[in-house]
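Novice: sharing a model prediction with you, sequence too.
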Amino acid sequence: MVHVYDDSKKLLGVTDAFPSGITIPANSGKLTLRLQIRHEDPQALEKLNQQVLWVERTIGDVSLSIHNSHMSMVANVGTFTKRLLKRDKSTAAFVSTPTQESLGKIKGLKCGDILEGTVSYEAATSGALGGAGTRPGGYPISYVVGPTTLEKKKDESKTKDAKDERTDVQKLEEAVLKLQVDTLEKLIPSSSTTNSTKVKEEDEKFTKLYDSIWVGNEKHLPLLMIQLKKQDVETLRDDRLEQVIQASNNVLSEIDENKLALYYGGTFHDKEDAESAKERKEMD
């Protein structure tokens, strides 16, 4: 038994071992299919844990162009021309793949999906041969969706993570520090805040938390950047120019400008190398 739900957990339809079509309303969001199988032997059910569920859906027509030769199909030049065939004679027709533009209009289409449909061939001149001239239901035709350029680039950008040599204590300390810095950033007054009383209250909250985090983390660059961001709020900038300059100098003092210049000026960044990717992230 298969139950189909929308993203609001509303039941859209049910089907069983003899599948029937289920109508999915527009804007149903992400669908969830729940498969229910019963068996007296638990081991038999265990074997189905990795079972693949095959889903068929109607997507409408996808246009294909037909060509006279393989060369014209590859170059996408010209189309198949009308011709007359004598009895027991045949001809070849070359069908091109759907364009990326037409495939992009099909919602939810992924690499590995199979498009299935039918193609019909026109009859000869009326009266030349008996019969309807077309096969009832047409001839089956299918296309396996391949990877798009976007998916290829996405795969290329993936790199293995560099080996993490931090101890468990160091990981915990850094995670706590990151959480504190993220919380501190949320206390920065927004540019739309003009009420002096509210600004003062937010200022006091920020300063109190900042001072408690700053002790022992005086050279932590993200923390210094938060201080600069806080002082450089657009609506308060004119009254805090000295603080902005001081915060900027504190940030610059923790940046090795020579190392930065050498890296971006001459270092080759290997996206496939984990250490190189890690270094680039730190530099950015």
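Specialist: Thanks, I have the structure now. Numbering: from 1, shown residues only.
Novice: and stretch 213-225, what's buried?
Specialist: For stretch 213-225, a neighbour-count test (16 or more other C-beta atoms under 10 Å) marks 213, 220, 223-225 as buried. C-betas here are computed from N, CA, C, even on glycine.
Novice: got the CA positions of it in PDB?
Specialist: These are the backbone C-alpha positions of stretch 213-225, laid out as PDB (Å, rounded to 0.1, in the frame of the first residue of the first chain):
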ATOM      1  CA  ILE A 213      33.800  37.200  25.400                       C
ATOM      2  CA  TRP A 214      36.800  39.500  24.600                       C
ATOM      3  CA  VAL A 215      38.700  38.300  27.700                       C
ATOM      4  CA  GLY A 216      41.000  35.500  26.400                       C
ATOM      5  CA  ASN A 217      39.900  36.100  22.800                       C
ATOM      6  CA  GLU A 218      41.500  39.500  22.100                       C
ATOM      7  CA  LYS A 219      42.900  38.400  18.800                       C
ATOM      8  CA  HIS A 220      39.900  36.500  17.500                       C
ATOM      9  CA  LEU A 221      39.200  38.100  14.100                       C
ATOM     10  CA  PRO A 222      35.500  37.300  13.800                       C
ATOM     11  CA  LEU A 223      35.000  39.000  17.200                       C
ATOM     12  CA  LEU A 224      36.900  42.100  16.100                       C
ATOM     13  CA  MET A 225      34.800  42.200  12.900                       C
END
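Novice: break down the stretch 151-284 of the chain into its helices, ranges please.
Specialist: With DSSP state H, counting those that start in this stretch, the ranges of helices along the stretch 151-284 of the chain come out as 168-185, 196-214, 221-231, 241-253, 257-266, 274-283.
Novice: tell me which of those sits nearest to A93.
Specialist: helix 274-283 (48.7 Å; C-beta to C-beta).
Novice: coming back round to it: what's the closest of the helices of the stretch 151-284 of the chain to S102?
Specialist: For those, the distance to S102 is smallest for helix 274-283, at 36.0 Å, taking C-beta to C-beta.
Novice: give me the mean pLDDT for the closest one.
Specialist: Computed over helix 274-283, the mean pLDDT rounds to 65.
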